[in-house]
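Asks: make a model of this:
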Amino acid sequence: MANLNAPPTPPPATLPPELWLTILPLIPYTPTQFSALRLISHHHNDLLTLHEKSLASHLKTQAFDPLTLQLFPGISISSYTHLATLHTRLQTLQDLKAKWSAITTAAGGTANTNTNRELAWLEGRYEAVFTAGTLLLYRLQDTTSAGIAAGTHHIHSNSAEGTVLCPHCAKLSLIASLPASSLACLLFVLVAAVKILRVHGPDPINARWCKEDLEIRSEVELACEEVLLGRGPGVFMGLLVLGEEGGWALSVLQAEIAGMGDRQQTFASGQSKPATLISALRAALSEKTGCGKGQVVGRMWEILSGTKFDRLGEEGEMMGRLVRGEEVGGGGKRMGF
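Replies: Purely as a prediction, here's the structure:
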């Protein structure tokens, strides 16, 4: 029987804010659960709003280990939005890992599963390379330059810190700065994603669409690569699932295809438009490996076949170095390359 003489439990609002700021970071973090804390009371909502920056910093260290944070160098984690973004990205990577076996073995869109071996080469070591490339796509997505809206094209502004690039040119600058090993991973994820979507994706990226017209197919796949570089892995996942969740991704791809002709024109001012991201990627890999632009895919395979990539899936530090754009040395070449 309850002790009727026991003092009543104090309501949450009477606890000092310092105590709540100690308790809240210890609660297991998910964006949904954390948002629910706002609904407890006006006191909680005000506390979470007032101390967002410090709480986000504490939650970052409680919810994510340092190695995981190194995989996303473009996110500073100074807000609840940043925390939610990081959580969503990790969930996407987990979903992709869970789907990987079906992606590489199942016959996309048919009842006869586990018979299509077109994607079998993605099993094993290249799953980790795909993950590294996906993380680099996220880094590109984060490279939008502060102060310039994400939808702005080729507008530069001057500030106390110097010239601020538009998001597209900021991505071009990042691509140009990456070493050959990172560029190879980035190109690989594009090549592999297109081949996966040729099997599992919708029209017009699916191989069944306009399969006799190689020129049109090439344009569609080029547009898909550009969209992935510009908009990130969410487009790839959206094209995989489609339905209500992925319809937006198909719209983004269709818009990119429709705008390919416009990319060849100059701005109304007569100023030339900047290079596409995919052409910049190929040019950067060509320059840093000393091969012709038409040979970059072969050079990509030469780099990724090296023995230093054998343990990429087991070495989080190496993954982090690739994403941060640090040259990864060591290892040796395999016969045939």
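Asks: hey, let's count contacts and neighbours off CA atoms from now on
Replies: Will do.
Asks: so what's His42 scoring on pLDDT?
Replies: We have a pLDDT of 83 for His42.
Asks: any idea how far it is from Thr49?
Replies: As judged by CA to CA, to the nearest Å, His42 and Thr49 stand 10 Å apart.
Asks: what about Trp20, which SS state?
Replies: Following DSSP: H, G, I helix; E, B strand; the rest coil, we place Trp20 in the helix state.
Asks: what's around it, how many residues?
Replies: Neighbourhood size, Trp20 [other CA atoms under 10 Å]: 15.
Asks: and it, what pLDDT?
Replies: Reported pLDDT for Trp20: 78.
Asks: strands of this structure, start to end?
Replies: Under the criterion DSSP state E, the chain contains strands at 157-159, 162-164.
Asks: shaky segments in the stretch 101-250 of the chain?
Replies: Applying pLDDT under 70 to the stretch 101-250 of the chain flags the ranges 106-116, 145-164, 242-246.
Asks: mind redoing it with 50?
Replies: Judged by pLDDT under 50, the stretch 101-250 of the chain has its weakly predicted residues at 108-114, 146-152.
Asks: Val328 against Glu317, yeah?
Replies: No. The pair Val328 / Glu317 is not scored as a contact, 10.5 Å apart, by CA atoms under 8 Å.
Asks: counting neighbours, what do you get for Gln91?
Replies: Using other CA under 10 Å: Gln91 sits among 12 other residues.
Asks: what does the one 4 residues further on give?
Replies: Residue neighbour count, defined by other CA under 10 Å, stands at 12 for Asp95.
Asks: my read: Ala283 touches Lys293, true?
Replies: Yes. Applying CA under 8 Å, one finds Ala283 in contact with Lys293, separated by 6.2 Å.
Asks: gap between whichever helix in the chain runs longest and the chain center?
Replies: When the chain is parsed with DSSP state H, its longest helix is helix 80-105. With CA atoms, centre = their mean, to the nearest Å as the basis, helix 80-105 stands 10 Å off its chain's centre.
Asks: offset the numbering so it begins at 197, please.
Replies: All right, first residue 197 from here; so that's helix 276-301.
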